[in-house]
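1. I would like the atomic coordinates for the input below:
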Amino acid sequence: MSLDSTVAVARTGTKSLRATVPEGIVAFLELQVGDKLLWKMDIQDGERVVIVRKQQPLKLAKPKHK
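-> Numbers count the residues shown, from 1 in each chain. Here you go, the predicted model:
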């Protein structure tokens, strides 16, 4: 599936940009407000590509009892 979104200025005076995550991607990744995304940049067949993954919550180790 291929979806698109438009890039806009995130904050005046910075080089950061903002894009809306399409509903199809939100559903596919099961995203919720506050989720973190991991971005991996790569070059495949001479083309710049980005892989975006939903960051999984850290599992805290259970304390060892003595």
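2. going forward, measure contacts between C-alpha atoms and count neighbours the same way
-> Noted.
3. Ser5 and Ala19 touch, don't they?
-> Yes: here Ser5 reaches Ala19: they are 6.3 Å apart, a contact under C-alpha atoms under 8 Å.
4. So what does Val26 have for phi and psi?
-> phi -60, psi -50 (degrees, to the nearest 10).
5. how near is the spatially closest residue to it that is not a sequence neighbour to Arg48?
-> Excluding the flanking residues, the one nearest Val26 by C-alpha to C-alpha, 6 or more residues apart in numbering is Gln32, at 7.7 Å. Between Gln32 and Arg48 the distance is 28 Å, computed by C-alpha to C-alpha, to the nearest Å.
6. Kindly report the same for Leu58.
-> To Arg48, Leu58 is 30 Å away according to C-alpha to C-alpha.
7. Leu37: how many residues sit nearby?
-> By other C-alpha atoms under 10 Å, 13 other residues sit near Leu37.
8. What's the separation between it and Gly13?
-> 24 Å.
9. if we can go back for a sec, look at Leu58 and Arg48 and report which has more neighbours.
-> Using other C-alpha under 10 Å, the more surrounded residue of Leu58 and Arg48 is Arg48, with 9 against 6.
10. part of a strand, is the more buried one?
-> Yes: Arg48 sits within a strand when classified using DSSP: H, G, I helix; E, B strand; the rest coil.
11. what sits up against stretch 21-29?
-> Outside of stretch 21-29, the residues within contact range by C-alpha atoms under 8 Å, 6 or more residues apart in numbering are 3-5, 32, 53-54.
12. just the strands in this structure please.
-> Here the chain has its strands, by DSSP state E, at 7-9, 17-19, 37-44, 47-54.
13. Need the ones you listed in JSON lines (columns: distance to Pro63 and mean pLDDT).
-> As requested, the strands of the chain are exported to JSON lines (distance: least, C-alpha to C-alpha, whole Å; pLDDT from 0 to 100):
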{"stretch": "strand 7-9", "distance to Pro63": "45", "mean pLDDT": "94"}
{"stretch": "strand 17-19", "distance to Pro63": "40", "mean pLDDT": "93"}
{"stretch": "strand 37-44", "distance to Pro63": "28", "mean pLDDT": "96"}
{"stretch": "strand 47-54", "distance to Pro63": "27", "mean pLDDT": "96"}
